[in-house]
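*Asks:* sequence and predicted model, in that order:
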Amino acid sequence: MNASEAPGGLPPARPGAGPARRWITDAVIAVAVAALQVAGTYGAAHHHGVPASPLEYAVTALAGLTLAARRRFPVGVLVVTGALSAGYWALATIQSPIFLSDIVAFVTVVLARKRGPAVIALVGYYLAYQWLPALTGVRAAPTALAAVLAAAGLVVLLGAAELLRLRQQHAAAIARSRADQALRQASEERLRIARDLHDVVAHNISVINVQANTALHLIDRQPERAVEALTAIHEVSRQALAELRSVLGVLREDGASAPLAPSPGLARLGDLTGTAASAGLTVRVERDGAQRPLPAEVDVAAYRIVQEALTNSARHSAGCTATVYVRYSRDDVVVQVDDEGPGAGRPAAPASQGRQRPPAGGNGIPGMTERALALGGSLQAGPRADGGYRVRARLPLGGAAR
């Protein structure tokens, strides 16, 4: 049984309704049907001028009240209401609308997808209502036309119940689809936050680590350089805190009032070149095409890819310079980061200096690739033929709608 279904295979009375609420709903329906049947019995008795006995009122009321358990025991309730109505119809002279409880019980069984008992109940209704009164002598046998119309009415009842079941199944499928979509969106949001956290922490901590090493080595011999390094650490840590507040603000319940940093984008490449320079990496920025505002998702992804590529260059490249190339076109934007690495006749730095490329199991390149693929783009990263390392990403401008 699906978790969203009530006992007996029925869908809940309303999406998200608890068991207590479903029982209350069923009890209200049962009382309403019982009241209608008792009132109908009284009206029929008054119309024919024949008083109904207390037993007749009790049977009609009991048939309706039994519906309170229809969701828990759909087939059992169908059997009880059918027996009560068949007995009433076979013995009582007053034509009470006791069949209302039969209709509700029958529809409940169909909604519970128990077609066997439902079909058996239809046959039982037909025999009990059309021929049982004639066998007991209470009423005459039905005419051929009445028998055909009664059979047609029962078929229509079955069709209407099946249509209602299909509509409820469709509504339940839509609700499950929306729940799955909400889960996917939550998972994607967590992944996006994890990528942003990785980019912010990795980039800024790398710069802080380089500057801290510089300050430790120069604090005695060149105190003024040590002061510059400590100042850079202070500035980079301040920027990191601002970006962390921006990323984590979405996790706060009062996110609207959370302090937010300016949204990262290619317009802030100057900040990246500044922090990269603090880590000892000289960055040159080249642009091609008409610079213009980009969709927010594309702008953030391009910024983060450049940020991660510069972080890797500062940590792992043997060179001291890097070039950021940005090309704007009508359909996409391309960002490319090249560092000189050990090219141009420079020997590769020894491993003890911590300037080798990261192992394949790192999160930097996979994270950049995920950002590009999420927008329908692509990313290539690897050594250049003339030495150094290149990261190149193509981000379609239409991918922001995905």
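*Replies:* Good, I have the coordinates.
*Asks:* so residue 59 is in contact with residue 88, correct?
*Replies:* Yes: using Cβ atoms under 8 Å as the test, residue 59 is close enough to residue 88 to be in contact (5.0 Å). Heads up, the C-betas are built off the backbone N, CA and C, glycines and all.
*Asks:* now for the two: what residues contact both?
*Replies:* Contact criterion Cβ atoms under 8 Å, 6 or more residues apart in numbering; residues bridging residue 59 and residue 88 by contacting each: residue 98.
*Asks:* let me know the pLDDT of residue 302.
*Replies:* On the pLDDT scale, residue 302 is placed at 91.
*Asks:* my read: it touches residue 265, true?
*Replies:* Yes: look at residue 302 against residue 265 with Cβ under 8 Å: they come within range, at 7.5 Å.
*Asks:* and these two? which has more neighbours close in?
*Replies:* In this view residue 302 and residue 265 are compared by other Cβ atoms under 10 Å, and residue 302 has more residues nearby, 25 against 17.
*Asks:* quick one on the thing from earlier: need the residues touching each of residue 302 and residue 265.
*Replies:* Counting by Cβ under 8 Å, 6+ apart, the residues touching both residue 302 and residue 265 are residue 294.
*Asks:* how about residue 380, secondary structure?
*Replies:* In the three-state summary, residue 380 is assigned as strand, counting by DSSP: H, G, I helix; E, B strand; the rest coil.
*Asks:* the nearest residue to it once chain neighbours are set aside sits in which helix or strand?
*Replies:* Sequence neighbours aside, residue 392 is the residue nearest to residue 380 in space, at 5.1 Å (criterion: Cβ to Cβ, 6 or more residues apart in numbering). Using DSSP states H and E, residue 392 sits in strand 389-396.
*Asks:* same thing with residue 335?
*Replies:* Following DSSP H and E, one finds residue 335 within strand 332-339.
*Asks:* next: residue 287.
*Replies:* For residue 287, the host element (DSSP H and E) is strand 282-288.
*Asks:* give the pairing partners of that strand; include direction for each.
*Replies:* strand 321-328 (parallel) (DSSP bridges).
*Asks:* residues contacting the partner strand, please?
*Replies:* Taking Cβ under 8 Å, 6+ apart as the criterion, the residues outside strand 321-328 that touch it are 266, 269, 272-273, 276, 281-292, 302, 306, 310, 313, 333-340.
*Asks:* tilt between that strand and strand 389-396?
*Replies:* Here the directions of strand 321-328 and strand 389-396 differ by 20 degrees (axes from the mean of the first three to the mean of the last three Cα atoms, to 10 degrees).
*Asks:* distance from the chain centre to strand 321-328, please.
*Replies:* Strand 321-328 sits 38 Å away from the centroid of its parent chain (Cα atoms, centre = their mean, to the nearest Å).
*Asks:* list the buried residues for it?
*Replies:* Using 16 or more other Cβ atoms under 10 Å as the burial criterion, the residues of strand 321-328 that qualify are 322-326, 328.
*Asks:* can I get these in CSV with pLDDT and distance to residue 92?
*Replies:* As requested, the buried residues of strand 321-328 are exported to CSV (pLDDT from 0 to 100; distance: Cβ to Cβ, whole Å):
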residue, pLDDT, distance to residue 92
322, 89, 95
323, 91, 96
324, 93, 92
325, 93, 92
326, 93, 89
328, 93, 86
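*Asks:* for those residues, which one is nearest residue 103?
*Replies:* Proximity of the buried residues of strand 321-328 to residue 103 (Cβ to Cβ) peaks at residue 328, which lies at 68.0 Å.
*Asks:* helices of the chain, start to end?
*Replies:* Listed in chain order, the helices found in the chain under DSSP state H are 19-48, 54-65, 74-91, 99-111, 115-130, 132-136, 144-218, 223-248, 269-278, 296-316, 364-374.
*Asks:* CA atoms of the fifth one as PDB?
*Replies:* It stands for helix 115-130. Taking Å, rounded to 0.1, in the frame of the first residue of the first chain, the C-alpha atoms of helix 115-130 are listed here in PDB:
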ATOM      1  CA  ARG A 115     -13.400  -4.800  -8.400                       C
ATOM      2  CA  GLY A 116     -14.400  -8.300  -7.500                       C
ATOM      3  CA  PRO A 117     -16.500  -7.500  -4.500                       C
ATOM      4  CA  ALA A 118     -17.900  -4.500  -6.400                       C
ATOM      5  CA  VAL A 119     -19.200  -6.600  -9.300                       C
ATOM      6  CA  ILE A 120     -20.600  -9.200  -6.900                       C
ATOM      7  CA  ALA A 121     -22.400  -6.300  -5.100                       C
ATOM      8  CA  LEU A 122     -23.900  -5.100  -8.300                       C
ATOM      9  CA  VAL A 123     -25.400  -8.500  -9.000                       C
ATOM     10  CA  GLY A 124     -26.600  -8.700  -5.500                       C
ATOM     11  CA  TYR A 125     -28.300  -5.200  -5.700                       C
ATOM     12  CA  TYR A 126     -30.000  -6.200  -8.900                       C
ATOM     13  CA  LEU A 127     -31.500  -9.400  -7.500                       C
ATOM     14  CA  ALA A 128     -32.300  -8.000  -4.100                       C
ATOM     15  CA  TYR A 129     -34.000  -4.800  -5.300                       C
ATOM     16  CA  GLN A 130     -35.800  -6.200  -8.300                       C
END
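*Asks:* list the buried ones in it?
*Replies:* Under the neighbour-count criterion of 16+ other Cβ under 10 Å, helix 115-130 has 117-118, 121-122, 124-125, 128-130 buried.
*Asks:* nearest to residue 180, of these?
*Replies:* When the buried residues of helix 115-130 are compared for distance to residue 180, the smallest value, 31.1 Å, is given by residue 118; criterion: Cβ to Cβ.
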